[in-house]
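J.: Sequence plus the predicted model coming up.
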Amino acid sequence: LSLETRLRHGLDRGEFLLHYQPLVDATTGKALGVEALVRWQPPGEDLVPPGRFIPLTEETGLIVRLGAFVLRAACMQAQAWREQGLALGTVAVNLSARQFMDDGLVEEVKTALAISGLPPHCLELELTESLLMEQAPRTIATLSALKQLGLRLAIDDFGTGYSSLAYIKRFSIDKLKIDQSFVRSLERSADDKAIVATIVAMARTLRLEVLAEGVETDAQASILASLGCVEHQGYLYARPLPPAELETWLRSHGR
Ligand code: G
Ligand code: G
Ligand code: MN
Ligand code: NA
């Protein structure tokens, strides 16, 4: 069977699941939120990471169905945790550009919020810079409709694209997530340090939150903190975890 067919069957049979990676306030070590990251579990095989199937789901349009599943599952899980008294903050969900081209997206987000009961301000959608740079009037309309639902918008992998200050301002973005490529060589590269400092300054100017992705070492964490970036995500704090393990993590790191 082709990968596409196997993915289609996988969707029909409920073979997809979510892992959750904490977003951490480095000053307190407490959770600010979690990012949902999809996995595929074909029966009898190893867990498949998203890098191996997301691109094909984008090419084939299957990402629309998969994305709807991810939104609902993430909102329901987050609300279940809230009801258990776990202070997880926001739940972040990645959106592909292809999902934005689909007419049903706003309705799908509304449905996910409605069936889960998750307060909209607890949901954060992660968008890419390239998506924002698509000037299509439809993209702008979709973003403002999403924002009107009361949720939060973040730009993922920030710094790898070409967003201008003007764009970010216009789309009422709440958060910039600094791409891990700039964090990786922070200890060695003066350029990367300058780039991070510039992004932090830009975020401050626009009154946006700023988070660093891919934080793996104490040295990176303290350089980031010295640059004014204290929201961190990365293996230093926690890997993406299955729900049960995330729960355990949250019990000791909840706010
Ligand atoms: O293979 P790896 O885990 O590195 O791949 C992670 C990539 O998959 C990231 O770009 C991440 O944003 C993307 N990703 C993970 N989960 C989802 C999801 O639910 N929806 C979309 N659209 N992308 C996702
Ligand atoms: O594109 P996006 O930022 O959504 O993708 C997040 C990806 O980064 C996930 O695949 C996640 O597993 C990975 N990731 C998270 N923390 C770290 C880290 O500290 N180091 C590395 N190399 N990857 C990370
Ligand atoms: Mn992301
Ligand atoms: Na990213």
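T.: Right, received. Where do you want to start? Computed from a predicted model, the values in this text were never measured in an experiment. Numbers count the residues shown, from 1 in each chain. Ligands and ions are numbered 1, 2, ... in the order given.
J.: ok, now which ones touch the spatially closest residue to residue 52 that is not a sequence neighbour?
T.: Closest residue to residue 52 apart from its sequence neighbours, by Cβ to Cβ, 6 or more residues apart in numbering: residue 40 at 7.9 Å. Heads up, the C-betas are built off the backbone N, CA and C, glycines and all. Going by Cβ atoms under 8 Å, 6 or more residues apart in numbering, residue 40 touches 7, 10, 15, 16, 47, 48, 50, 52, 53.
J.: Please report phi then psi for the fourth one.
T.: For residue 16, the backbone dihedrals (degrees, to the nearest 10) come out as phi -100, psi 150.
J.: What of residue 164?
T.: The phi/psi pair for residue 164 (degrees, to the nearest 10) reads phi -100, psi 160.
J.: Any idea how many residues pack against it?
T.: 11 (other Cβ atoms under 10 Å).
J.: what bridges to the residue nearest to residue 52?
T.: residue 16, residue 48 (DSSP bridges).
J.: Next, work out how far apart residue 221 and residue 197 are.
T.: 16 Å (Cβ to Cβ, to the nearest Å).
J.: now swap in residue 8 and tell me
T.: As judged by Cβ to Cβ, residue 8 and residue 197 stand 46 Å apart.
J.: Okay, and residue 34 sits in which element?
T.: strand 30-40 (DSSP states H and E).
J.: and the next helix or strand after that strand, is it in reach of ligand 1?
T.: Counting by DSSP H and E, the next helix or strand C-terminal to strand 30-40 is helix 54-60. Yes. With Cβ under 6 Å from any ligand atom as the measure, helix 54-60 is seen reaching ligand 1 through residue 54.
J.: do stretch 84-96 as well
T.: Yes. For stretch 84-96, a contact with ligand 1 is found by Cβ under 6 Å from any ligand atom, at 94, 95, 96.
J.: what does the helix or strand where residue 191 lies rub up against?
T.: With secondary structure defined by DSSP H and E, residue 191 is part of helix 190-205. Here helix 190-205 makes contact (Cβ under 8 Å, 6+ apart) with 158-159, 165, 176, 178, 182-186, 209-210, 212, 223-224, 227-229.
J.: Which among those residues count as buried?
T.: Those of these that meet the buried threshold are 158-159, 176, 178, 182-184, 186, 209-210, 212, 223-224, 227, 229, by 16 or more other Cβ atoms under 10 Å.
J.: Show me the residues you listed that map onto helices.
T.: Among these, the members found in helices (DSSP state H) are 182, 183, 184, 223, 224.
J.: Spatially, which residue comes closest to the third one, not counting chain neighbours?
T.: Beyond its immediate neighbours in the sequence, the residue positioned closest to residue 184 (Cβ to Cβ, 6+ apart) is residue 214, lying 6.2 Å away.
J.: From residue 246, how far out is the one you found?
T.: To residue 246, residue 214 is 19 Å away according to Cβ to Cβ.
J.: Counting neighbours, go ahead and name the busier of residue 221 and residue 197.
T.: Ranked by neighbour count (other Cβ under 10 Å), residue 221 and residue 197 place residue 221 first, with 22 against 15.
J.: So the more buried one belongs to a helix, correct?
T.: Yes. Judged by DSSP: H, G, I helix; E, B strand; the rest coil, residue 221 forms part of a helix.
J.: you'd agree it is up against residue 27?
T.: No. Counting by Cβ atoms under 8 Å, residue 221 does not reach residue 27; the two are 10.5 Å apart.
J.: Kindly report the residues of the stretch 51-200 of the chain close to ligand 4.
T.: Within reach of ligand 4 by Cβ under 5 Å from the ion, the stretch 51-200 of the chain has these residues: 156, 157.
J.: where does the stretch 51-200 of the chain have low pLDDT?
T.: By pLDDT under 70, the weakly predicted segments of the stretch 51-200 of the chain are 135.
J.: which residue ranges form the helices in it?
T.: Assigned by DSSP state H, counting those that start in this stretch, the stretch 51-200 of the chain shows helices spanning 54-60, 62-83, 97-100, 105-116, 129-133, 137-148, 165-170, 180-184, 190-205.
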